[in-house]
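Engineer: I'd like to go over a predicted model; first the sequence, then the structure.
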Amino acid sequence: DQQVKQNSPSLSVQEGRISILNCDYTNSMFDYFLWYKKYPAEGPTFLISISSIKDKNEDGRFTVFLNKSAKHLSLHIVPSQPGDSAVYFCASRGTGNQFYFGTGTSLTVIP
Amino acid sequence: KAGVTQTPRYLIKTRGQQVTLSCSPISGHRSVSWYQQTPGQGLQFLFEYFSETQRNKGNFPGRFSGRQFSNSRSEMNVSTLELGDSALYLCASSDDRGHTGELFFGEGSRLTVL
C-alpha cells in the first residue's frame, strides 16, 4: 500500500504564477518530509525538507507547508520559472533511514 | 566533492539471467540505499546498508539482494530476472539520519529485461 500519495500526476502553470504541488501520507510516525526534483535521465535532487515539528519551511522561491492533523504537505513555488519544469517527488522518512516516495507530479511551466 | 556514481548506466538482460549493479557513495557517507523506479509506481525502497550491515529492507522478493563493502561502496544483485524487473535502479547515499535526512541520488542504472 502506498504510504505517500501524490494524486496529481501532472500540473501546468504559467510562468510567474504560483505552482502548488500536494502530497498526502498515512503514517503519523514519519519524522521528516522532503521534496525532490527529477529531470529525465538524471537522479532525483533534493529540493527542500521539513521536520515533523514544524509547519513551514522556506528556501528562496520554495516553501513547504506541513499540516500534521490532515497528514498533508504541499510545495509552493513562487514565482514559477520554465526551468522548474520537472517531476517532483515528495518523500517521508520512517524508521531507520527508510524513505517512502510518492509517484511524482510532472510540473510544466509555460513561458 | 564527487557525487554518487552508479555503474553501469544502461544494461539489457534476458529473463532468467542475473545482474549486479554497483554504487559508489559520496565520500564520507556510510549509508547507501537502493530504490526501484517504474512508471506509475514512483520510487520503491529496496534496502539500506549502513557500515556493511543491512539496516532496512523493503517488500521485494529474495531475488533482490545487496551488500556493502568496508569502503561504503555497495552492490545490488537481482537473480532470475523477470520482465517486471525492468526499471531504473537508483542508489542514494547519506551521512546519517540526523539533520534533514537528505538523500543524494546517483543517475541510476536503467535495466531492461527482454
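Structural biologist: It's in. Numbers count the residues shown, from 1 in each chain, chains lettered A, B, ... in the order given.

Engineer: near chain A, which residues of chain B?
Structural biologist: Counting by CB under 8 Å from any CB of the partner chain, chain B comes close to chain A at B:4, B:31, B:33, B:35, B:40-45, B:48, B:50, B:55-56, B:58, B:90, B:92, B:94, B:97, B:100-108. Every C-beta, even on glycine, is put in place using the N, C-alpha and C of the backbone.

Engineer: now the buried members of those residues.
Structural biologist: Taking 16 or more other CB atoms under 10 Å in any protein chain shown as the criterion, what is buried in the residues of chain B next to chain A is B:4, B:31, B:33, B:35, B:42-45, B:48, B:50, B:55-56, B:58, B:90, B:92, B:94, B:97, B:101-108.

Engineer: inside helices: which ones of the residues you listed?
Structural biologist: Among these, no member falls in helices (DSSP state H).

Engineer: tell me the secondary structure at the residue in chain A that chain B sits nearest to.
Structural biologist: Proximity of chain A to chain B (CB to the nearest CB) peaks at A:Gly43, 3.4 Å away. Here A:Gly43 is recorded as coil under DSSP: H, G, I helix; E, B strand; the rest coil.

Engineer: now do the contacts for it.
Structural biologist: By CB atoms under 8 Å, 6 or more residues apart in numbering or on different chains, the residues touching A:Gly43 are B:Val4, B:Leu90, B:Ala92, B:Phe105, B:Gly106, B:Glu107, B:Gly108.

Engineer: same thing with B:Ile12?
Structural biologist: By CB under 8 Å, 6+ apart, the residues touching B:Ile12 are B:Leu111, B:Thr112, B:Val113, B:Leu114.

Engineer: ok, now with 10 Å
Structural biologist: For B:Ile12, the contact set (CB atoms under 10 Å, 6 or more residues apart in numbering or on different chains) comprises B:Val19, B:Ser86, B:Arg110, B:Leu111, B:Thr112, B:Val113, B:Leu114.

Engineer: and B:Gly66, by the same measure?
Structural biologist: B:20-21, B:23, B:32-34, B:46-49, B:54, B:57, B:74-78, B:91.

Engineer: please report how far it lies from B:Tyr10.
Structural biologist: When distance is defined by CB to CB, to the nearest Å, B:Gly66 is 20 Å away from B:Tyr10.
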